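Novice: from the sequence below, what's the structure:
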Amino acid sequence: MLPKAPSPAVPAPAPATPAVSVRHLKMGYGSRVLLQDASFDVFRGEIMVILGGSGCGKSSLMKNIIGLYQPMAGEVLIDGQSIVSAAPEGKAHLQRKLGVMYQSGALFGSLTVLENVRFPLDEFTAIGLEQRNLTARLLLRLVEMGHAESLMPAELSGGMLKRAGIARAMALGADILMLDEPSAGLDPITAANLDRTIRRLRDNLGFTFVVVTHELQSIFAIADRAIMLDPVSRSIIAEGQPADLRDNSADPRVRQFFNRRPDAPAQTGET
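Specialist: Next up, the predicted model:
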C-alpha cells in the first residue's frame, strides 16, 4: 500500500481589514492639542464607543474620522484607505461609506420627516422620486418611525429626532454609522429603546457603529468595546469591553468613570 500523501497546508485566512483604523492621530485647534498619538481599530459589525469626560475631544475625534476636520498628524483609514490624504473625489467616495447622526438630529425644520430622510437621495442620486420615497419609508421603518413620515421636526420628541437622524444617516447606503451622543437629553425609557434599535441594526443588518457618549447605561447596553479619552494626558487611557474596564482596569481614572465615583473631597486645611 502506498503511503498516504500528506494533506496540503491550508493557509491561514488573512485578517479582516478594519472598517476604521486610526493611526498615531494628533488633533486639536490651532496650537491647542486635544489628543495625540491615538491608535485604535473598529471592526466590521462592531459597536465601538468613544467615551470620556466633558472636553476630552470625543466629538472632535469623530469629526476627524469622518474627514470634517484635518488632523495635525497621523492617519484615518476607512476600509484601508486614507481619508486624510485622499484627493477630493476619493475623500467623497470614502465619506459615502460613513453615515453621521449629530447630537441634535440636525433635521431641516422646513421639511417633513420623510423629506429629511430622503434629502441625501435628492441631492446625490438620480433615482426617481417614487424610489426615493420608497427608500426613505423603508429606512424610517427600520428605526420604528414609519408612523411619523408626514410630521415636521418641531412635532417630534427628542428620541424621534434621533431616530430620524439615524434613518437619514443610512440613506446613501453607508454601513458605518457615526452617532454623536445619541442618548443625550433622553429619558431612561426612551434612551433604552434607542439603545435597542442600535443593537438591532447591528445584529440584523450588520451595521458598524462608532458611538460618542458618556452615558454609562447606554455604554453597557450597546458597546462591544470602548476607548476612553483623557483630557489631562491627551491620550487614550483605556480600550476594551466596558465591564472589564470597570472591574479590572489598573487605571484609577478608568475605574472612577465606570463606577461613577466622585472626586476626593478637596483638602481645605481647616481643623
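
Novice: pull out the buried residues from stretch 147-157.
Specialist: Neighbour counts over stretch 147-157 (16 or more other C-beta atoms under 10 Å) mark 148-149, 152-153, 156 as buried. Where you see a C-beta, it was placed from the backbone N, CA and C, and this is true even at glycine.

Novice: can you give me the strands for the stretch 1-150 of the chain?
Specialist: Assigned strands in the stretch 1-150 of the chain, in chain order: 20-29, 32-42, 47-51, 73-78, 81-82, 98-101 (criterion: DSSP state E, counting those that start in this stretch).

Novice: may I see these organised as CSV, with mean neighbour count added?
Specialist: Conversion of the strands of the stretch 1-150 of the chain to CSV gives the following (neighbours: other C-beta atoms under 10 Å):
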stretch, mean neighbour count
strand 20-29, 19
strand 32-42, 18
strand 47-51, 24
strand 73-78, 19
strand 81-82, 16
strand 98-101, 24
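
Novice: got the domain boundaries for the protein?
Specialist: Domain segmentation of the chain under automatic domain parsing yields 20-97+175-258, 108-173.

Novice: output those domains as CSV; include the columns distance to Pro265 and mean pLDDT.
Specialist: Below are the domains of the chain laid out as CSV (distance: least, C-beta to C-beta, whole Å; pLDDT from 0 to 100):
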stretch, distance to Pro265, mean pLDDT
domain 20-97+175-258, 14, 95
domain 108-173, 35, 95
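
Novice: what's the farthest-apart pair in the buried residues of stretch 147-157?
Specialist: Farthest apart among the buried residues of stretch 147-157 by C-beta to C-beta are Glu149 and Pro153. That separation is 12.3 Å.

Novice: got any residues that touch both of those two?
Specialist: Common neighbours of Glu149 and Pro153 (criterion: C-beta atoms under 8 Å, 6 or more residues apart in numbering): Val113.

Novice: could you point out which of the strands of the stretch 1-150 of the chain sits nearest Ile66?
Specialist: When the strands of the stretch 1-150 of the chain are compared by C-beta to C-beta, strand 98-101 sits nearest Ile66, at 5.2 Å.

Novice: quick one: the closest residue to Gly206 other than its chain neighbours from Thr208, how far?
Specialist: The shortest distance from Gly206 to any non-neighbouring residue, by C-beta to C-beta, 6 or more residues apart in numbering, is to Gly45 (5.4 Å). Separation of Gly45 from Thr208 (C-beta to C-beta, to the nearest Å) stands at 6 Å.

Novice: between those two, which contacts overlap?
Specialist: Residues touching both Gly45 and Thr208 (C-beta under 8 Å, 6+ apart): Arg202.

Novice: the two: who's more crowded?
Specialist: Ranked by neighbour count (other C-beta atoms under 10 Å), Gly45 and Thr208 place Thr208 first, with 23 against 16.

Novice: perfect, that will be all.
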